[in-house]
Every structure is written in structure tokens, then in C-alpha cells.
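# Got a predicted structure here, sequence first:
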Amino acid sequence: MVDRIKRLENLFLEEINSLVSRLIASGHFSGFITLTAVRVSKDLTTAKVFYSVFGNEADKKNAAKQLAHLRGEIGAALRSRVHIKRIPSFTFELDNTPERASAVEKIFAKIEKEHEEK
């Protein structure tokens, strides 16, 4: 069952990425959006799509609103492309891992600079 869920997560990530890429190309989004992961529940009823946005706070809010608006469209697109009994209900969650990683890198750079000055 775990292998099946992992395969579905990868498949959903690919398909949703494809759909969002087309919408980005058509100008529906501002900023740079990256879908980072999909986590499907064990009972296959829900799935969280994690995304990151390179841009300002307004870009992040716009992306959240647009992705929430796309939930139904994504479900419909997946029903026609993926042949499984049940398509999960999708929610989108901002993944701020890149921002946290950047903050940690800045801390390391500061420590390294202080170490070199000694």
C-alpha cells in the first residue's frame, strides 16, 4: 500500500505541475511557483499539495488564492487522466522550506565570517 501511495503522490505531482505550468504560461500567476510535494492520506480521500513561491507577500497571497480556486479544475483534470477509483480532495499548503534554508545559510555565513575574522 505504501508503494501505491508513493506512486500516486508522484503521479499527482506531475499532473498538477503540468496544469499549473500551463496556467503560469497564460499569466494567471505572478511570482515563481514551484510544487514541491504531494502527500496523500492512507485512505486516499485527501491530498496536500505543497508549493513554494519566489516573490513578495502579495505574490504568495495571489498564488494561494489561485491554487484554492483551481481545486475543482484539478480534480476534474485528474479524473480524465488518472484511472483510479477515487480522486482525493486536494488542499494547498505553502512550503516555506526554501525560506528557512536561506535563513540557515545566512546564519552559517555569518558564523563563518566571524570565524575568519578571529
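Arrived safely.
# ok, residues contacting the worst-scoring helix or strand of the chain on mean pLDDT?
Within the chain, no helix or strand scores below helix 97-117, which has a mean of 80 by mean pLDDT, DSSP states H and E. For helix 97-117, contacts defined as CB atoms under 8 Å, 6 or more residues apart in numbering pick out 36, 52, 54. Backbone N, C-alpha and C define where each C-beta goes, glycine included.
# list the contacts for the residue lying closest to the last one once chain neighbours are set aside?
When the adjacent residues along the chain are set aside, Phe54 lies closest to Phe32, with 4.0 Å between them (CB to CB, 6 or more residues apart in numbering). Contacts of Phe32 were listed using CB under 8 Å, 6+ apart, and they are 53-55.
# Which of the helices or strands spans Glu93?
strand 89-94 (DSSP states H and E).
# Next, the buried residues of that strand.
For strand 89-94, a neighbour-count test (16 or more other CB atoms under 10 Å) marks 90, 92, 94 as buried.
# For the second one, give its distance to Arg22.
In this view, Phe92 and Arg22 are 17 Å apart by CB to CB, to the nearest Å.
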